[in-house]
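Engineer: just a sequence and a predicted model for now, questions to come.
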Amino acid sequence: MDTLHMMRIFVRIAEEGSFTEAAQRLNITNANASRSIAQLEAHLRTRLLNRSTRRVALTEAGQRYLERCERILAYVEEAEAEAADAHARPSGKLHVHATSSFGQTYVLPAVLRYREQNPAVSVELTLSQHVPDLLDEGYDVSLQLSMTDLPDSGFVSHRLGDLPSVLCAAPAYLSKHGTPHSVEELRGHACLQIVASVFPRDRWHLEGPNGRETFEFPPADFQVNAIDALSVALRAGVGIGSLPMATAMPALRSGALVRVLPDYQLQNLTAYVLYASRQYLDAKIGTFVHFLREAVPQALAADKTALCMYGKQ
């Protein structure tokens, strides 16, 4: 039983004072209109309309029910208009997740510029190393980094670009221990390991002038499981470590870190943006994803160009 449909028929009949006029306005048959009112009255166990061959009149219960129906249908129309507007015009709150360093370096600036263009959208940006479940945790958009293709999740994903990783150390460390000039010379240094699922734990694969070279770690005195924590340790002068470009660039720009073996790059991480579905996509999600697909690749390309200059003066 479609109660809302029957309410609309009842309200139209009450307004027109006629089954025939109401049926014509609604583009249904007289029989359909009559059957709907009969079903509605049976459902309510109340007579709503008194009928004669010449006119239709509301009962007392029908008058009270009409007032309620008009309010309910007005709320429904308002809700439908609001939902349709969400598809057409960016507004409301946008829940975004990104990994910490990538989010600070590339996503946050994009969010600020996006909000300048779309002030009706408020953004809640969560930065963490945790990879969320979009549906369970209520995120509209998630930005993730991976060394491989993303597993099939049923979500829509777009590749934003690659982030190389580079070797870095603090100037104080290199001043004290010397600067290595080849992969082999790394063996005389404290090389810090990152214990994370996206990175090899026991070796670095370096791409450079001699092609691909592999450096296997000696037994480690220090390990850490978060890129941001590794960056802190490197800035403190603990040793040499591999940082993704998103984490390395702010420290390289400030001089807190310098690049080691600048002719070499390590594993690439690929950045992706994910969202739940293309169908009936909310305007705030669609416009934000479109903005990211333009802004983030541009920022990555600019940083790759700048990265080539560090350590080569």
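Structural biologist: That came in fine, so what should we check first?
Engineer: which residue ranges form the strands in the protein?
Structural biologist: 49-51, 56-58, 92-98, 121-127, 141-146, 156-169, 193-194, 203-208, 211-216, 223-224, 241-244, 258-260, 268-275 (DSSP state E).
Engineer: of all those strands, which one is nearest residue 295?
Structural biologist: Smallest distance to residue 295 across these (Cβ to Cβ): 9.3 Å, for strand 156-169. For every residue, glycine as well, the C-beta is placed using N, CA and C.
Engineer: in the closest one, what's buried?
Structural biologist: 157, 160-161, 163-169 (16 or more other Cβ atoms under 10 Å).
Engineer: can you lay out those residues as CSV showing distance to residue 43 and pLDDT?
Structural biologist: As requested, the buried residues of strand 156-169 are exported to CSV (distance: Cβ to Cβ, whole Å; pLDDT from 0 to 100):
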residue, distance to residue 43, pLDDT
157, 47, 88
160, 54, 93
161, 59, 93
163, 61, 88
164, 67, 88
165, 67, 87
166, 71, 90
167, 74, 92
168, 72, 93
169, 77, 95
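Engineer: how far off centre is stretch 99-117?
Structural biologist: 12 Å (Cα atoms, centre = their mean, to the nearest Å).
Engineer: residues of it that come out buried?
Structural biologist: Neighbour count says stretch 99-117 has 99-108, 110-111, 114 buried, by 16+ other Cβ under 10 Å.
Engineer: not counting that stretch itself, show me its contacts.
Structural biologist: 96, 98, 121-123, 125, 127-129, 143-145, 163, 226-228, 231, 244, 246-247, 249-250, 271, 287-288, 291-292, 295-296, 299-300, 303 (Cβ atoms under 8 Å, 6 or more residues apart in numbering).
Engineer: next: stretch 68-79.
Structural biologist: Against stretch 68-79 from outside (Cβ under 8 Å, 6+ apart): 4, 7-8, 10-11.
Engineer: CA atoms only for that stretch - export them in CSV, please.
Structural biologist: Extracted as CSV, the C-alpha positions of stretch 68-79 are listed here (Å, rounded to 0.1, in the frame of the first residue of the first chain):
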residue,chain,number,x,y,z
ARG,A,68,-2.2,16.5,8.5
CYS,A,69,-1.8,15.2,4.9
GLU,A,70,-1.1,18.7,3.6
ARG,A,71,1.7,19.1,6.2
ILE,A,72,3.2,15.7,5.5
LEU,A,73,3.2,16.2,1.8
ALA,A,74,4.8,19.6,2.2
TYR,A,75,7.6,18.1,4.3
VAL,A,76,8.0,15.3,1.6
GLU,A,77,8.3,17.9,-1.2
GLU,A,78,10.8,19.9,0.9
ALA,A,79,12.9,16.8,1.6
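Engineer: nearest residue to residue 296 in space, please, no chain neighbours.
Structural biologist: residue 160 (4.5 Å; Cβ to Cβ, 6 or more residues apart in numbering).
Engineer: you'd agree the one you found is up against residue 299?
Structural biologist: No. Here residue 160 lies out of contact with residue 299, judged by Cβ atoms under 8 Å, at a distance of 9.5 Å.
Engineer: can I see the domain layout of the protein?
Structural biologist: Annotated domains of the chain cover 3-88, 92-162+269-307, 163-267 [automatic domain parsing].
Engineer: just the buried residues of stretch 205-219, please?
Structural biologist: Here stretch 205-219 shows 206, 213, 215, 217 as buried, counting by 16+ other Cβ under 10 Å.
Engineer: rounded mean pLDDT for it, please.
Structural biologist: Mean per-residue pLDDT for stretch 205-219: 83.
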